[in-house]
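*Asks:* sequence and predicted model, in that order:
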Amino acid sequence: MSAPPSPPPPTGPPPPSRWQQARARWADRHALPRFGFWLLSRGATVIGLCVLLYVVNGFANGWTLAYEVMTAITSPADDTVPCPWCAWPLSLAGWAVVPAVIGAAAGYVITEQIQTHHARQLGDVLDELRRLAEQPGSPPGSSGSGP
């Protein structure tokens, strides 16, 4: 028996490596919406610092107390907090940074919805309403016969 034929030599450029694919995806982040771009670039740093503060406080003061300080249930100046120097930055982050990121996300979503509705021309909206008004058939809820 003869050996199977060898495959033809590859043509064209080699496929990109994983490193090249990762670099291309990172470069494509500029095509994201504004909030998505901020979240990947600067937002990741802000959220990472908040997570780091929470983890440090979890080990220093206890996980339950760290949660309570971050959500302003317990004051960082309370006598039950073993390391208040560590709890103050977490408290400030929970008071200012977390609501700011959530508010930015909500504001972005609302802005996108408003811009979507404003993007339609008035003539298009009126044409659609006229077309809907001219559709044959009785309006919903009418029985077709008089009382």
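*Replies:* That came in fine, so what should we check first?
*Asks:* next SSE after the lowest-mean-pLDDT helix or strand in the chain?
*Replies:* Least confident helix or strand of the chain, by mean pLDDT, DSSP states H and E, is helix 34-38 with a mean of 80. Per DSSP states H and E, the first helix or strand lying C-terminal to helix 34-38 is helix 44-61.
*Asks:* who does that next one touch, helix- and strand-wise?
*Replies:* Applying 3 or more CB pairs under 8 Å, 6 or more residues apart in numbering; DSSP states H and E, we find helix 44-61 packed against helix 63-70, helix 84-92, helix 98-118. Placement of C-beta: from N, CA and C, glycine included.
*Asks:* could you tell me the least trusted of the ones you listed?
*Replies:* In terms of mean pLDDT, the lowest-scoring of the helices and strands packed on helix 44-61 is helix 98-118 (a mean of 84).
*Asks:* buried stuff in that one?
*Replies:* 101, 108 (16 or more other CB atoms under 10 Å).
*Asks:* ok now the helix or strand hosting residue 124, how far from the chain's centre?
*Replies:* Using DSSP H and E, the element containing residue 124 is helix 122-133. In terms of CA atoms, centre = their mean, to the nearest Å, the centre of helix 122-133 is found 34 Å from the chain centre.
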